[in-house]
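Student: How does the following fold in three dimensions:
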Amino acid sequence: MLTLRIRPWEASDAVAVLEAFAEPVMQRQADAAVDTLRDAEAWVQRRQDQWHRQVAYSFAAVEGADGAALGGVTVGNIHAEHATGWISYWTASAARGRGVATHGCCALADWCFAELGLFRLELGHRTNNPASCRVAQAAGFAAEGVQRQKLAYDGMRYDVEMHARLATDPRPVAS
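Tutor: As a prediction, this is how the structure comes out:
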């Protein structure tokens, strides 16, 4: 049985971050290039700095008590007046299909509602990414519509499906 939990990023996670971001599709998930161990260490440090400044809260999704990071979940774009936040998530290629992202999103949502007092959490994914849609739905995020041609990558425009979960929504079975 898979025993997953989330915890704040630690300096020791840099190797797992470097391995995860070595995959070309993951490079869009990074706010800067993660090509070296030093880059990965800086990536982890930025997550810790954001937490300290209370602008975003990022967690590593890990297996067991001492497991390596299998992915990550973040809440950012927090708007205190409206009690909203934006969720993002990613999973290392070796951990995909094991429920890591779904568990991470569920655990993060629970944390956001309980610890930050947020009411509405939002996320979006490219419509050509059905795996990300399955994660959102399994984590209790209801689809709310499509934003046409919102993102541009490599000269192509992509539609984005928006999802949201409210503090008053039923807790998904996946949590």
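
Student: Contacts only, for the spatially most central residue of the chain.
Tutor: Most central in the chain under CA atoms, centre = their mean is residue 89, positioned 1.9 Å from the mean C-alpha point. Residue 89 is in contact with 71-74, 101, 104-105, 108, 123, 135, counting by CB atoms under 8 Å, 6 or more residues apart in numbering. For every residue, glycine as well, the C-beta is placed using N, CA and C.

Student: now it, what's its secondary structure?
Tutor: The local conformation at residue 89, judged by DSSP: H, G, I helix; E, B strand; the rest coil, is strand.

Student: May I have the beta-bridge partners of it?
Tutor: residue 73 (DSSP bridges).

Student: what stretches of this protein score poorly on pLDDT?
Tutor: For the chain, the stretches flagged by pLDDT under 70 are 1-2, 174-175.

Student: residue at max distance from the center of it?
Tutor: Most distant from the centre of the chain: residue 155, at 24.9 Å, with distances by CA atoms, centre = their mean.

Student: Look up how far residue 33 lies from that residue.
Tutor: 20 Å (CB to CB, to the nearest Å).

Student: before we move on, what about residue 113?
Tutor: Distance, residue 113 to residue 33, by CB to CB: 34 Å.

Student: Who does residue 164 form a beta bridge with?
Tutor: Here residue 164, judged by DSSP bridges, has bridge partners residue 122, residue 142.

Student: Spit out the contact partners of it.
Tutor: Residue 164 is in contact with 120-123, 141-142, 144, counting by CB under 8 Å, 6+ apart.

Student: other SSEs contacting the lengthiest helix in the chain?
Tutor: The residue-count maximum for a helix in the chain (DSSP state H) belongs to helix 37-53. Here helix 37-53 touches strand 4-8, helix 14-21, strand 57-63, going by 3 or more CB pairs under 8 Å, 6 or more residues apart in numbering; DSSP states H and E.

Student: For the longest one, buried residues please.
Tutor: Using 16 or more other CB atoms under 10 Å as the burial criterion, the residues of helix 14-21 that qualify are 14, 16-21.

Student: Pipe those into TSV and attach distance to residue 38 per row.
Tutor: Formatted as TSV, these follow (distance: CB to CB, whole Å):
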residue	distance to residue 38
14	9
16	15
17	11
18	9
19	15
20	16
21	13
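
Student: All set now, cheers.
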